[in-house]
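Q: Next comes the sequence, and after it the predicted model I'd like to discuss.
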Amino acid sequence: QKEVEQDPGPLSVPEGAIVSLNCTYSNSAFQYFMWYRQYSRKGPELLMYTYSSGNKEDGRFTAQVDKSSKYISLFIRDSQPSDSATYLCAFFSGGYNKLIFGAGTRLAVHP
Amino acid sequence: EAQVTQNPRYLITVTGKKLTVTCSQNMNHEYMSWYRQDPGLGLRQIYYSMNVEVTDKGDVPEGYKVSRKEKRNFPLILESPSPNQTSLYFCASSLGRGRPDTQYFGPGTRLTVL
């Protein structure tokens, strides 16, 4: 079993749709739960992170962590063409002291 | 502006010809690392450095070398590149190893080894 599973997509949605991106993980020692956004021909940039179960909101973005199910989600409300990118989930534990990345989900938001 | 820079951005080379990819950061970060990104495999860490003259292997170090002689620079060296090292490479830096929330990535270097 892979440590992190992320559906690669691609996911294509119309502008204004609600997008749900998900990852599952197997290591219960993970402490940081993170989402990166990567535009074409650019490096990943940190979008959101959280330490605990529950929801965290930042504008149109909501990160959700369910530790009991080992499942994290990123919701994008009112999606815009500028949200078209690859979204990578990432996990960190003090024991590993390194980031473990998902393979990324490619999202296309069309006008 | 806080940034990580890499050069070159694109490189096509032939098997066995030594090359160096440079990485520099302007944030006085202690921790720097190199990743490769391959389709379906995500980002995998090649090497990391916790400070000047302190480097260690990541998950996929074979065929690579690094050095950290100055805090701001962390070059990646391929002594004898092979086609399986064709990939997209990213340099990253952060305040410390335990501070992934402060990590910045460079723009990437697309390497093709023929």
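A: The structure has been received and is ready for your questions.

Q: Only alpha carbons, please: show the helix or strand of chain A with the lowest mean pLDDT as PDB.
A: The least trusted helix or strand in chain A, going by mean pLDDT, DSSP states H and E, turns out to be strand A:98-101, with a mean of 89. The C-alpha trace of strand A:98-101 is given here as PDB (Å, rounded to 0.1, in the frame of the first residue of the first chain):
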ATOM      1  CA  LYS A  98      10.500  15.200   5.600                       C
ATOM      2  CA  LEU A  99       7.600  15.900   3.400                       C
ATOM      3  CA  ILE A 100       5.800  13.000   1.700                       C
ATOM      4  CA  PHE A 101       3.900  14.200  -1.400                       C
END
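
Q: In contact with residue 89, which residues?
A: I went with chain A, as the question did not name one. Going by CB atoms under 8 Å, 6 or more residues apart in numbering or on different chains, residue A:89 touches A:4, A:6, A:21, A:23, A:33-36, A:72, A:74, A:101-102. For every residue, glycine as well, the C-beta is placed using N, CA and C.

Q: my bad, the chain I had in mind was chain B
A: Counted by CB under 8 Å, 6+ apart, residue B:89 has contacts B:6, B:21, B:34-37, B:46, B:76, B:108-111.

Q: secondary structure element for it?
A: strand B:87-94 (DSSP states H and E).

Q: What's the mean pLDDT across that strand?
A: Taken as a whole, strand B:87-94 has a mean pLDDT of 96.

Q: swap in stretch A:17-33?
A: Rounded mean pLDDT across stretch A:17-33 is 94.

Q: Also stretch A:80-93?
A: pLDDT averaged over stretch A:80-93 gives 95.

Q: Could I get the buried residue list for it?
A: Within stretch A:80-93, the residues that count as buried by 16 or more other CB atoms under 10 Å in any protein chain shown are A:83-93.

Q: do the same with stretch B:39-50
A: In stretch B:39-50, counting by 16+ other CB under 10 Å, buried: B:42-50.

Q: list the contacts for the closest residue to residue B:80 other than its chain neighbours?
A: Leaving aside its sequence neighbours, residue B:80 sits nearest to residue B:16 (CB to CB, 6 or more residues apart in numbering or on different chains; 5.0 Å). Contacts here follow CB under 8 Å, 6+ apart; on that basis residue B:16 touches B:80-82.

Q: how far away is the residue of chain A found nearest chain B from residue B:86?
A: With CB to the nearest CB as the measure, residue A:43 is the residue of chain A nearest to chain B, at 3.3 Å. In this view, residue A:43 and residue B:86 are 18 Å apart by CB to CB, to the nearest Å.

Q: Looking at those two, which is more packed in?
A: Between residue A:43 and residue B:86, counted using other CB atoms under 10 Å in any protein chain shown, the more crowded position is residue A:43 (22 against 16).

Q: Can you report how many residues lie near the nearest residue to the more buried one once chain neighbours are set aside?
A: With sequence-adjacent residues excluded and distances taken as CB to CB, 6+ apart, residue A:43 is closest to residue B:105, at 3.3 Å. By the other CB under 10 Å criterion, the neighbourhood of residue B:105 contains 23 residues.
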